[in-house]
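**Student:** Kindly return the folded structure for what I paste below:
(2 chains)
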Amino acid sequence: MVAFVTALAAILPTPSGEAHTLVFGTSVTTSLCVGAGLTGSVNLYNNTGPVDVTQAVRVSIGLESGDTTQFAWYNFSVLDNGTSAEIARSRGALSNWVQSSNYTEGATLSFHIGTSFDLDLDVHNIDSASQCFQVFARNAWVGNW
Amino acid sequence: MVRAVVFLVALTGVFLAHAAWADEVPDGEFIQCEAPCPGWHYDLVYQVGDGKVIMVAGFASEGPSVNLRDGQATMDVTSYPQLKDLRSRVDDFRVDVVTGEIVDSKLQGGLVPGGSGVLGLAATIGVTLIALAVATLMVRRSRVRS
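**Tutor:** So this is what the prediction gives:
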């Protein structure tokens, strides 16, 4: 019996012993009120890790309130802290936001680098009046436990 | 047995506390609160040259920050009394580059159109002094007549 079990254990594939789980990083909520014809810029993540994992960063932006016909463009940019190179980007330009008080625009930026990363956002308000936007971001990666 | 019950109760408490904390942190929900939102901090970005306000940014947590370009500066406006107006009418505000005070051009337009904060303050004091002088004269005249 012992010999049988030993032989069976030798034949069957051995589990690696590692389990994987999705780990969420810090969520970021920001509100930007930008003057007419001007560009507002914020740093959402600075020197963020962990390094050498595949990061997925959800980004969302929406109008806070008011008229949904607003002219603006936005640019979410992920930068490699080691080289300062831009490694992922999501940008858009809108004249009709369809709905206010909601994140009507969004994307997921995915990348794998050996150093920490920054996430910057530029919002250019082309409209003739100031307007406010709300922004949400959260990163996640697969970790071992 | 008692220790096991205490341990289980403590474990449940920790779990419930964690669940409550998780509920307090909205994940991707649009936050509907009037500025200043509790726990938020707010920064104003302006041009150093002419004091023009570029942006008012609010942050729900520590970590994120404004990015400054050449010729720009930032100011903490979390406790600014007119924060709500400042956010909704960014273009009407500017920073007095001499005094560092925030000026609402819309309110000051009636006194000194396009004037600086110092001039606006001087005009306000002047108008107040003239009004006081007129009132004093009227009171004196009414006393003389009586």
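**Student:** Please, where are all the helices along the chain?
**Tutor:** Went with chain A since none was named. A:2-11 (DSSP state H).
**Student:** To clarify, I was referring to chain B.
**Tutor:** B:2-24, B:83-88, B:105-108, B:117-145.
**Student:** Quick one: name the residues of chain A near chain B.
**Tutor:** If contact is defined as Cβ under 8 Å from any Cβ of the partner chain, the residues of chain A in contact with chain B are A:26-36, A:38-46, A:58, A:60, A:62, A:101-103, A:120, A:129-130, A:132, A:134, A:136, A:138. (C-beta placed from N, C-alpha, C; glycine too.)
**Student:** Make a ChimeraX selection of the buried ones in those residues.
**Tutor:** Of those, the buried ones go into a single ChimeraX selection, burial set by 16 or more other Cβ atoms under 10 Å in any protein chain shown:
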select /A:27,28,29,30,31,32,33,34,35,38,39,40,41,42,43,44,45,58,60,62,103,120,130,132,134,136,138
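**Student:** among the helices and strands of chain A, which has the poorest mean pLDDT?
**Tutor:** helix A:2-11 (a mean of 62; mean pLDDT, DSSP states H and E).
**Student:** residues touching residue A:70, list them.
**Tutor:** A:63, A:94, A:95, A:97, A:125, A:127, A:131 (Cβ atoms under 8 Å, 6 or more residues apart in numbering or on different chains).
**Student:** among these, who's most crowded?
**Tutor:** residue A:125 (28 neighbours; other Cβ atoms under 10 Å in any protein chain shown).
**Student:** Just list whatever residues bridge to residue B:44.
**Tutor:** Bridge pairing for residue B:44 (DSSP bridges) gives the partners residue B:56, residue B:75.
**Student:** Now do stretch A:98-110: distance from first to last residue.
**Tutor:** Stretch A:98-110 stretches 27 Å from its first residue to its last (Cα to Cα, to the nearest Å).
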